[in-house]
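Colleague: The sequence and its predicted three-dimensional model are supplied below.
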Amino acid sequence: VQLQASGGGLVQAGGSLKLSCALSGSIASINGVGWGRQAPGKQREEIASIISGVGTNYEDSVKGRFAISRDATKNTVYLQMNNLKPEDAGVYFCFAQLLVLGDWRNKWGQGTQVTVSS
């Protein structure tokens, strides 16, 4: 499975961006998809996911502002980000949850930069 995120950019605080993640390869092996972000000087954290049998989940700081969706016909995952705040800035990555040697593992793609000006 390969993942390619796009759609990042510079936006003013309070603005919106929509990120896209194109999936390719063994799509049928994907159990779930999601997004994470890494702020400068911090570790990468998961912020949104859609997992089969579990549902949709959001990290507390983005609840009510971000929305994850998946278009199976286009093999694409989206992250709609509204009311962006300066603390939302960072590199955003998409991931696919795969079964690897009996364990669920996240495979991460390359990121896309999001900058939020105050």
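Modeller: Cool, got the structure.
Colleague: what are the ranges of the strands in the protein?
Modeller: Counting by DSSP state E, the chain has strands at residues 2-6, 9-12, 17-24, 30-38, 45-51, 55-58, 66-71, 76-81, 90-100, 103-108, 112-117.
Colleague: Centroid-nearest residue for this structure?
Modeller: Centroid check for the chain by C-alpha atoms, centre = their mean gives residue 35 as the closest residue, at 1.9 Å.
Colleague: Tell me who's in contact with that residue.
Modeller: Contacts were defined as C-beta atoms under 8 Å, 6 or more residues apart in numbering; by that measure residue 35 touches 19, 21, 46-49, 68, 77, 79, 92-95. Every residue, glycine included, has its C-beta placed from N, CA and C.
Colleague: distance of it from residue 101?
Modeller: Residue 35 is 25 Å from residue 101, where distance means C-beta to C-beta, to the nearest Å.
Colleague: again, but for residue 62
Modeller: 31 Å.
Colleague: Now render the strands of the chain as CSV, adding mean pLDDT.
Modeller: Shown next, in CSV, are these (pLDDT from 0 to 100):
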stretch, mean pLDDT
strand 2-6, 97
strand 9-12, 98
strand 17-24, 98
strand 30-38, 97
strand 45-51, 97
strand 55-58, 97
strand 66-71, 97
strand 76-81, 98
strand 90-100, 96
strand 103-108, 95
strand 112-117, 98
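Colleague: in the sheet, who's paired with residue 34?
Modeller: Beta-bridge partners recorded for residue 34 (DSSP bridges): residue 49, residue 95.
Colleague: coming back round to it: kindly reformat the contacts of residue 35 as JSON lines containing distance to residue 31 and neighbour count.
Modeller: JSON lines is the format used below for the contacts of residue 35 (distance: C-beta to C-beta, whole Å; neighbours: other C-beta atoms under 10 Å):
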{"residue": "19", "distance to residue 31": "21", "neighbour count": "24"}
{"residue": "21", "distance to residue 31": "15", "neighbour count": "26"}
{"residue": "46", "distance to residue 31": "15", "neighbour count": "15"}
{"residue": "47", "distance to residue 31": "18", "neighbour count": "24"}
{"residue": "48", "distance to residue 31": "16", "neighbour count": "24"}
{"residue": "49", "distance to residue 31": "11", "neighbour count": "21"}
{"residue": "68", "distance to residue 31": "15", "neighbour count": "22"}
{"residue": "77", "distance to residue 31": "13", "neighbour count": "29"}
{"residue": "79", "distance to residue 31": "19", "neighbour count": "25"}
{"residue": "92", "distance to residue 31": "21", "neighbour count": "25"}
{"residue": "93", "distance to residue 31": "18", "neighbour count": "23"}
{"residue": "94", "distance to residue 31": "14", "neighbour count": "30"}
{"residue": "95", "distance to residue 31": "11", "neighbour count": "24"}
